[in-house]
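K.L.:
attaching a predicted model along with its sequence, questions to come.
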Amino acid sequence: MAIQRDTFPLPDVDDPLVAPYFAGAARGELVVPQCDGCHRYVWYPEEVCPGCGGVLTWTPVSGRGTLFTWVVVRRAFLPAFEDKVPFVSALIALAEDPAVRIVAYVDAEPAALVADQPVHVEFRPLAFSTVPGKEVVVPWFVPSSS
Amino acid sequence: MDQWGHATDLDDIRGGFAIAGIGETAYTKASGRTAREIGAVAAELAIADAGLDPSDIDGLTWSGAFPDFDLDAFHEHFGTSHDIWTSPWGGGMAWAATAPYLAAQAIREGKARHVLNVFPVAWATQRSSMTGGPGEVHAAQSLKQNLEVPFGFFPQPVYFSSIMRRHMLEFGTTEEQFGAVAVAGRRHANLNPDAVMHAKSMTMADYLAAPMLAEPLRLFDSCLISDGGAAYVTTSLERARDLKQPPAVVAGVGEGYSGSGTHWAQQRAFTSTPQVFSAPGAFAMAGIGPADVDLLTVYDPFTVVSLMQIEDMGFCAKGEAGAFVEGDTLHHDAGRLPFNTHGGLLSHAYVLGIAHVVECVKQLRGVAAAQVPDCEVAVYGGYTGHMASTLVLTKDA
């Protein structure tokens, strides 16, 4: 049951279920699976639409959202995070469908964060000192000026 | 109504079955024992408590996710070889509440008479070798590995801190209200010589001064990591009345599921548990309401999980548990809702709920360390994230 993948905790960009998410981020697009049949967003990704069984297409979204909740992680629960704490790990409710919550880092002063404040996506490389020489471009969120 | 989960449809087993024997090992930090050894001790004690012999046990349930004490372990320990009906859908966590239902079904169908449910854990011992523990199972799930862990959303203290924050934002719940749960649990543990934290007191000031692990979640919002185990024997009420101990009657059982599984980040009702779906069925089967409950024990890995289950089981309205738990509400001797009177996962031991059920039985027998006066209805709320369960036990009439 232990994690065998040597790039952990970087995401596995070759995992077919999530590869398009990271491919999107690499070209500067936030993409989320949307059902061709009933047009709902499906998050987390699934093989087919759980509502109607329709085909899911990874669709670009605005990259805007609101800060649903956040945690200021102060203890490193994995060795990879020892040089990252403290950091803000958050759930971002997407503007297109707030039921879609993207898990992401928020780059901001923790004390200044406010519930449901507007945020928007940026794309930045994620790397861990425990996984030398590797990085993956991922969505990152920052507060939007109102 | 927008359904984010569902209840399991269960047969009415009210009043036909009872817990007739309980057994507990020592609850400790790292003991050097294996979970299989711990399970054997708990099993032996529960069988003896009921006044039975190992050869009388013809049903055995354990946790399929942690199959440390299974049929092979039973026979090896007791030197027996008789036929035993088995199910891996028992053990601890949410299944500590539904194991008596499984037993009832097996007894009704004539497959067994005395069904032993066992749950041991040795995570404190295993921690030094970096195996086991609550995080490992989750880190292995690919969606978590790719969409949560890389972004620091891992493990459980982070998940439940995010829920805690949202509970604070939506309902105005305060740090001190979470602290009230932790402090009440410690008060009970201080009265209970079996509790891991028996000798360590904790005031609200201590709670607030403890380090933030994942803000707003502090050290004392989090459960312990322990070694220990417990077991209990379920049989028909008729049979239980002939055995050594006063029966704890199984009055109601419920089970509910969240549609989003263990992906807390995506659960639509973010500050709720599937106890919303589980408790009503159990209370209806038992013919009781929240006001009839003399003792509530709930699976409490983090203080926010206690608050949410108190709300979701109907002891107060959604969002109001913070104010509800202030003061002495949860105390065994003076409270409106005596709660986790053994100390719970935060201060008794992290044995994943099995000791909560044993505490219910002890309270109904009148032999608990922090005894609730005139305890006649005791409830366990089980929780594993994607699933919640409810067990209503009552004193025999």
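P.N.:
Okay, I see it.
K.L.:
list the residues that contact A:Gly24.
P.N.:
By C-beta atoms under 8 Å, 6 or more residues apart in numbering or on different chains, the contact list for A:Gly24 reads A:30-31, A:58, A:60. All C-beta atoms are positioned from the backbone trio N, CA, C, and that covers glycine.
K.L.:
shaky segments in the chain?
P.N.:
No chain specified, so I'll use chain A. For chain A, applying pLDDT under 70 flags the ranges A:1-3, A:146.
K.L.:
right idea, wrong chain: chain B
P.N.:
Applying pLDDT under 70 to chain B picks out residues B:1-2, B:128-134, B:137.
K.L.:
residues from it in reach of chain A?
P.N.:
B:131, B:135-137, B:139-140, B:142-143, B:145-155, B:157-158, B:161-163, B:165-166, B:169, B:211-217, B:263, B:265-266, B:268, B:270 (C-beta under 8 Å from any C-beta of the partner chain).
K.L.:
the same query, at a cut-off of 6 Å, please.
P.N.:
Within chain B, the positions lying close to chain A (C-beta under 6 Å from any C-beta of the partner chain) are B:136, B:139-140, B:142-143, B:146-153, B:155, B:158, B:161-162, B:165-166, B:169, B:212-215, B:265-266.
K.L.:
name only those of these that count as buried.
P.N.:
Buried residues within the residues of chain B next to chain A, defined by neighbour count using 16 or more other C-beta atoms under 10 Å in any protein chain shown: B:136, B:139, B:143, B:146-153, B:155, B:158, B:161-162, B:165-166, B:169, B:212-215, B:265-266.
K.L.:
what about B:Pro373, how many neighbours?
P.N.:
B:Pro373: 10 surrounding residues under other C-beta atoms under 10 Å in any protein chain shown.
K.L.:
what of B:Leu345?
P.N.:
Using other C-beta under 10 Å, B:Leu345 has 27 other residues around it.
K.L.:
wasn't it part of a strand?
P.N.:
No: per DSSP: H, G, I helix; E, B strand; the rest coil, B:Leu345 lies outside any strand segment and is helix.
K.L.:
that one against B:Cys223, yeah?
P.N.:
Yes: the pair B:Leu345 / B:Cys223 is scored as a contact, 3.8 Å apart, by C-beta atoms under 6 Å.
K.L.:
shared neighbours of the two, anything?
P.N.:
B:Pro301 (C-beta atoms under 6 Å, 6 or more residues apart in numbering or on different chains).
K.L.:
can you tell me what sits against stretch B:164-184?
P.N.:
Residues from elsewhere that reach stretch B:164-184 (C-beta under 6 Å, 6+ apart): A:69, A:115, B:202, B:204, B:207, B:216-217, B:220-221, B:270-271, B:303-304, B:306, B:319, B:322, B:325-326, B:330, B:346.
K.L.:
just the ones of the residues you listed in strands?
P.N.:
If you go by DSSP state E, the contacts of stretch B:164-184 have A:69, B:217 in strands.
K.L.:
from the contacts of stretch B:164-184, which would you call buried?
P.N.:
Neighbour-count burial (16+ other C-beta under 10 Å) is assigned, among the contacts of stretch B:164-184, to A:69, B:202, B:207, B:216-217, B:220-221, B:270-271, B:303-304, B:306, B:319, B:322, B:325, B:330, B:346.
K.L.:
interface residues of chain A facing chain B?
P.N.:
Residues of chain A lying near chain B by C-beta under 6 Å from any C-beta: A:1, A:3, A:9-12, A:15, A:18, A:44, A:69, A:71-75, A:77, A:87, A:89, A:91, A:101, A:103-105, A:115.
K.L.:
which ChimeraX command selects the buried ones in the residues you listed?
P.N.:
Of the residues of chain A next to chain B, the buried ones can be selected in ChimeraX as follows, counting by 16+ other C-beta under 10 Å:
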select /A:9,10,11,12,15,18,44,69,71,72,73,75,77,87,89,91,101,103,104,105
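K.L.:
gap between stretch B:26-43 and the chain center?
P.N.:
For stretch B:26-43, the separation from the chain centroid amounts to 18 Å (computed by C-alpha atoms, centre = their mean, to the nearest Å).
K.L.:
start to end distance for that stretch?
P.N.:
Between the start and the finish of stretch B:26-43 there is a gap of 13 Å, counting by C-alpha to C-alpha, to the nearest Å.
K.L.:
hmm, who's touching that stretch?
P.N.:
So stretch B:26-43 is in contact with B:23, B:25, B:68-69, B:73, B:77, B:118, B:120-122, B:124-125, B:194, B:196, B:226-231, B:349, going by C-beta under 6 Å, 6+ apart.
K.L.:
try it again with 7 Å
P.N.:
Stretch B:26-43 is contacted from outside by B:23-25, B:68-69, B:73-74, B:77, B:116, B:118, B:120-122, B:124-125, B:128, B:194-196, B:226-231, B:348-349, B:351, using C-beta atoms under 7 Å, 6 or more residues apart in numbering or on different chains.
K.L.:
restricted to strands, list the residues you listed.
P.N.:
Members of the contacts of stretch B:26-43 lying in strands (criterion: DSSP E): B:23-24, B:116, B:118, B:120-122, B:227-231.
K.L.:
how about the one residue in the stretch 1-150 of chain B that gets nearest to chain A, secondary structure?
P.N.:
Scanning the stretch 1-150 of chain B for the residue nearest chain A gives B:Asn146, at 4.2 Å (criterion: C-beta to the nearest C-beta). The local conformation at B:Asn146, judged by three-state DSSP, is helix.
K.L.:
who does the helix or strand containing A:Trp58 pair up with?
P.N.:
Assigned by DSSP states H and E, A:Trp58 falls within strand A:56-60. Sheet pairing of strand A:56-60 (DSSP bridges) gives strand A:31-35 (antiparallel).
K.L.:
B:Arg113 contacts B:Thr235, doesn't it?
P.N.:
Yes: under the criterion of C-beta atoms under 7 Å, B:Arg113 makes contact with B:Thr235 at 6.2 Å.
K.L.:
higher neighbour count, the two?
P.N.:
Using other C-beta under 10 Å as the criterion, B:Arg113 and B:Thr235 rank with B:Thr235 on top: 29 against 17.
K.L.:
dig out what that one forms beta bridges with.
P.N.:
For B:Thr235, the beta-bridge partners under DSSP bridges are B:Ala18.
K.L.:
can you verify my assumption that it contacts B:Ala112?
P.N.:
No: counting by C-beta under 7 Å, B:Thr235 stays clear of B:Ala112, with 8.8 Å between them.
K.L.:
quick one on the thing from earlier: narrow the residues of chain A next to chain B to those in strands?
P.N.:
Among those, DSSP E puts A:69, A:71-73, A:87, A:89, A:91, A:101, A:103-105 in strands.
K.L.:
okay, helices next: where are they in the stretch 251-397 of chain B?
P.N.:
Ranges of helices in the stretch 251-397 of chain B, per DSSP state H, counting those that start in this stretch, are B:275-286, B:303-312, B:321-324, B:344-347, B:354-365.
K.L.:
which helices and strands does the last one pack with?
P.N.:
Applying 3 or more C-beta pairs under 7 Å, 6 or more residues apart in numbering or on different chains; DSSP states H and E, we find helix B:354-365 packed against strand B:17-24, helix B:95-108, strand B:227-236, strand B:248-258, strand B:295-298, strand B:377-383, strand B:387-395.
K.L.:
bridged to the closest residue to A:Thr59 other than its chain neighbours, which residues?
P.N.:
Distances taken as C-beta to C-beta, 6 or more residues apart in numbering or on different chains place A:Gln34 nearest to A:Thr59, at 4.1 Å, with adjacent residues excluded. In this entry, A:Gln34 is beta-bridged to A:Tyr41, A:Thr57, by DSSP bridges.
K.L.:
thanks again, I'm all set now.
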